[in-house]
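[1] Okay, sequence plus prediction incoming.
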Amino acid sequence: MVTARVWVLKKHFEGFPKTSDFELKKIELPNLKDGELLLESVFLSVDPYMRPYSQRDMKEGDIMIGTQVARVVESKNPAFSVGAFVVAGSGWRTHFISDGKDLHLLPAGWPESLSKSLALGTVGMPGLTAYFGLLEVCKMKPGDTVLVNAAAGAVGSVVGQLAKIGGCKVVGCAGSDDKVAYLKKIGFDEAFNYKTVTSLDEALRKASPDGYDCFFDNVGGEFAYTAISQMKKYGRIAICGAISQYNDSVPQKGPYVQIPMLFKELQMEGFIVSRWNNRREEGLKALLKWVVEGKVKCHEHITEGFENMPMAFIGMLKGENLGKAVVKV
Ligand SMILES: NC(=O)C1=CN([C@@H]2O[C@H](COP(=O)(O)OP(=O)(O)OC[C@H]3O[C@@H](n4cnc5c(N)ncnc54)[C@H](OP(=O)(O)O)[C@@H]3O)[C@@H](O)[C@H]2O)C=CC1
Ligand SMILES: CCCCCCCCC/C=C/C=O
């Protein structure tokens, strides 16, 4: 008999999540039936979507949603051998039983020297978000100037590096000087700390006096309005996230974007990465190749200990992470 530790949503978040909104519980797992396997989480992801999705899809007492890299510890399913690593979406659990249907083996050719945690970040859902958002929504082309916010995070850091590979000029904004230094180190042409500039409008204008062809928006709110006002004619805006609004108890009011949208004839499109689930393999193969070749650099913010999941999640929402926020069990 295996005992799993799980984190449940004890109380729906009101405003910014608190550690008291979560509860750690123990669950006895039954013996395996034919076709099933027992897995143990090795790395778990903490992601911004957990904040809005918990509100929309979860009830109090549910196990927190989420993905993990897990190792097969026992198998009665011939498709998965003991010791194999998979990406699963089984929520905040140390151990779980699966019938194998929704598990993804790591992409073929994953080098032994590459941390498997990257399957939750650059070579996982956030990397795919950057890849499809840039190619299919921003429709980036060589010579474009691309703006990305939350640029030192899991998605943003890949957006900037892919845009450089694609022959673009890249401007990134992040919330600390260390993050800005990192962006410059990984090849961003311009980067600034949006928390310390005296005027965001001026900082954006200085970074690209001619404006922006593409805006990959991870943040929303006031930042997005200011950036949209500086788009070039026919610019493309990908609405990837709106993290500055996820913790609002009262929805923010304008300013509104219709005037720049109209007179600059802009395109703005929201997207969810799962739209391209049928091209997952293509995206992961490309991302893995760039990582192995050293063309895309990865940074991770690793929190040790399953007991620290809520703290890691809250820390990520506060901006404590440089790169992908991951918990190592
Ligand atoms: N559409 C889709 O399919 C997907 C969308 N997303 C979205 O992409 C965005 C980035 O996600 P991800 O890369 O995983 O997370 P990150 O690794 O970027 O972590 C979140 C970052 O957001 C920044 N942030 C937090 N609060 C604010 C705020 N009020 N204003 C500005 N920045 C803030 C912080 O960085 P800083 O220090 O710079 O403030 C923090 O580090 C999120 O909005 C997420 O919801 C992610 C995956 C898929
Ligand atoms: C239980 C696994 C759920 C995985 C969902 C991943 C979709 C992310 C879409 C993000 C939207 C905004 O952040």
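    Cool, got the structure. A quick note: this is a predicted structure, and the numbers were derived from the prediction, not measured. Residues are numbered from 1 along each chain as shown. Ligands and ions are numbered 1, 2, ... in the order given.

[2] How about the residues of the stretch 201-329 of the chain by ligand 1?
    Counting by CB under 6 Å from any ligand atom, the stretch 201-329 of the chain comes close to ligand 1 at 218-219, 240-244, 271-273, 316-317, 319, 321, 325. To be clear about C-beta, it is placed using only N, CA and C from the backbone, and glycine gets the same treatment.

[3] Residues of the stretch 1-150 of the chain that sit close to ligand 2?
    Applying CB under 6 Å from any ligand atom, we find that the stretch 1-150 of the chain lies next to ligand 2 at 48-49, 65-67, 89, 125.

[4] would JSON lines of those residues with secondary structure be doable?
    Putting these into JSON lines (DSSP: H, G, I helix; E, B strand; the rest coil) gives the following:
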{"residue": "Pro48", "secondary structure": "coil"}
{"residue": "Tyr49", "secondary structure": "coil"}
{"residue": "Ile65", "secondary structure": "coil"}
{"residue": "Gly66", "secondary structure": "coil"}
{"residue": "Thr67", "secondary structure": "coil"}
{"residue": "Gly89", "secondary structure": "coil"}
{"residue": "Met125", "secondary structure": "helix"}
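
[5] ok, the residues you listed vs His12, which is closest?
    Checking those against His12 with CB to CB, the nearest one is Ile65 at 13.3 Å.

[6] For the most centrally placed residue in the chain, list the residues it contacts.
    The residue lying closest to the centre of the chain (CA atoms, centre = their mean) is Pro126, at 4.0 Å. Residues in contact with Pro126 (CB atoms under 8 Å, 6 or more residues apart in numbering) are 47, 120, 153-155, 158, 324.

[7] Select, from the residues you listed, the two members most distant in space.
    Taking CB to CB, no two of the contacts of Pro126 sit farther apart than Asp47 and Val158, at 14.0 Å.

[8] returning to what we had before: buried subset of the contacts of Pro126, written for ChimeraX?
    Buried subset of the contacts of Pro126, written as a ChimeraX selection, criterion 16 or more other CB atoms under 10 Å:
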select :47,120,153,154,155,158,324
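
[9] okay if I get the contacts of Pro126 as JSON lines plus secondary structure and pLDDT?
    What follows is the contacts of Pro126, written out as JSON lines (DSSP: H, G, I helix; E, B strand; the rest coil; pLDDT from 0 to 100):
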{"residue": "Asp47", "secondary structure": "coil", "pLDDT": "99"}
{"residue": "Leu120", "secondary structure": "helix", "pLDDT": "99"}
{"residue": "Gly153", "secondary structure": "strand", "pLDDT": "98"}
{"residue": "Ala154", "secondary structure": "helix", "pLDDT": "99"}
{"residue": "Val155", "secondary structure": "helix", "pLDDT": "99"}
{"residue": "Val158", "secondary structure": "helix", "pLDDT": "99"}
{"residue": "Lys324", "secondary structure": "strand", "pLDDT": "99"}
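
[10] and of the contacts of Pro126, the nearest to ligand 1?
    Ligand 1 lies nearest to Gly153 out of the contacts of Pro126, by CB to the nearest ligand atom, at 1.8 Å.

[11] So that closest one is in contact with Leu317, correct?
    No. Using CB atoms under 8 Å as the test, Gly153 is too far from Leu317 to be in contact (11.1 Å).

[12] tell me the contacts of Ile302?
    Neighbour list for Ile302: 117, 326-328 [criterion: CB under 8 Å, 6+ apart].

[13] Tell me the most packed of those, by neighbour count.
    Neighbour tally across the contacts of Ile302 (other CB atoms under 10 Å): the maximum, 27 neighbours, falls on Val327.

[14] So that residue is in contact with Gly305, correct?
    Yes. Val327 is within contact range of Gly305, at 7.3 Å (criterion: CB under 8 Å).

[15] residue ranges of the helices in the protein, please?
    50-57, 125-132, 154-165, 177-185, 200-207, 221-228, 258-263, 280-292, 309-318 (DSSP state H).

[16] Show me what residue of the stretch 51-200 of the chain gets nearest to ligand 2.
    Taking CB to the nearest ligand atom, the stretch 51-200 of the chain has Gly89 as its residue nearest ligand 2, at 3.4 Å.

[17] Once you drop chain neighbours, what's closest to that residue?
    Nearest non-adjacent residue to Gly89, counting by CB to CB, 6 or more residues apart in numbering: Thr67, 4.8 Å away.

[18] how many neighbours does that neighbour have?
    Residues near Thr67, counting by other CB under 10 Å, number 21.

[19] who in the stretch 1-150 of the chain is up against ligand 1?
    47-49, 126, 129, 150.
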